[in-house]
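*Asks:* Structure, please.
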Amino acid sequence: MGRFHNMLNEQVANEFAASQQYVAIAVYYDGEALPALAAHFYRQALEERNHAMMLVKYLLDAEQPVVVPGVEAPRVDFADPAAPVALALEQERRVTEQIVALAALAREEHELVGEQFLGWFLQEQREEVASMSDLLKIVERAAGSNILLVEEYLSRGGLAGDAAAVEAVAPPAAGGAL
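*Replies:* This is a model prediction of the structure:
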């Protein structure tokens, strides 16, 4: 297995870890009786899990070994309602750097199919960073006055953005759309 495929397996772990962190954030918001924020992060958790499964499917299709990883426990304690979103934004920026490094390695190793496959992930990460950045601004503004305003905003469909368009052209995931 080459460096590109090794890094792809590492990214499977990164995506599963991101999914677990989003579950922890959703549980925090659920415990704070903020159901719209909880639902947003439960959806994010499923999306990250599906990203991992897309990478698994790619590796399987490329007849490469797949390493199903264990992940470290996510952070579960937060100082205030904005802290989980700040952590999520940091995580999305880190994942973007990881995907950029993967795409660069694919190009360097002449893994042209892999580079093309990662194009979707780069577009997805642009959308994720922008969306999470917007959510952080909204939560920070509302946290000083009334966090329930964020609940109302999300309930009205705030942050829908380009997500549907990006997901419409997503690569297939192992196990299908579960």
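*Asks:* When you work out contacts or count neighbours from here on, use the C-alpha atoms and nothing else.
*Replies:* Noted.
*Asks:* chain center to stretch 140-154: distance?
*Replies:* Relative to the centre of its chain, stretch 140-154 is centred 23 Å away, using C-alpha atoms, centre = their mean, to the nearest Å.
*Asks:* Repeat that for stretch 108-128.
*Replies:* For stretch 108-128, the distance to the chain centre is 15 Å (C-alpha atoms, centre = their mean).
*Asks:* C-alpha coordinates for it, PDB please?
*Replies:* What follows is stretch 108-128, C-alpha atoms only, in PDB (Å, rounded to 0.1, in the frame of the first residue of the first chain):
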ATOM      1  CA  GLU A 108       2.500  14.000  -6.300                       C
ATOM      2  CA  GLU A 109       2.100  10.200  -6.600                       C
ATOM      3  CA  HIS A 110       0.100  10.500  -9.900                       C
ATOM      4  CA  GLU A 111      -3.000   9.100  -8.300                       C
ATOM      5  CA  LEU A 112      -5.200  11.000 -10.700                       C
ATOM      6  CA  VAL A 113      -8.400   9.100  -9.900                       C
ATOM      7  CA  GLY A 114      -7.700   9.700  -6.200                       C
ATOM      8  CA  GLU A 115      -7.100  13.400  -6.800                       C
ATOM      9  CA  GLN A 116     -10.400  13.600  -8.800                       C
ATOM     10  CA  PHE A 117     -12.200  11.800  -6.000                       C
ATOM     11  CA  LEU A 118     -10.900  14.300  -3.400                       C
ATOM     12  CA  GLY A 119     -12.200  17.200  -5.400                       C
ATOM     13  CA  TRP A 120     -15.700  16.600  -4.000                       C
ATOM     14  CA  PHE A 121     -14.300  16.600  -0.500                       C
ATOM     15  CA  LEU A 122     -12.500  19.900  -1.000                       C
ATOM     16  CA  GLN A 123     -15.700  21.500  -2.200                       C
ATOM     17  CA  GLU A 124     -17.600  20.000   0.800                       C
ATOM     18  CA  GLN A 125     -15.000  21.300   3.200                       C
ATOM     19  CA  ARG A 126     -15.300  24.800   1.800                       C
ATOM     20  CA  GLU A 127     -19.000  24.600   2.500                       C
ATOM     21  CA  GLU A 128     -18.500  23.100   6.000                       C
END
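*Asks:* end-to-end on stretch 59-66?
*Replies:* End-to-end distance of stretch 59-66 (C-alpha to C-alpha, to the nearest Å): 6 Å.
*Asks:* what packs against the helix or strand where residue 137 lies?
*Replies:* Residue 137 is located in helix 112-143, with elements delineated by DSSP states H and E. The helices and strands touching helix 112-143, judged by 3 or more C-alpha pairs under 8 Å, 6 or more residues apart in numbering; DSSP states H and E, are helix 83-108, helix 148-155, helix 163-168.
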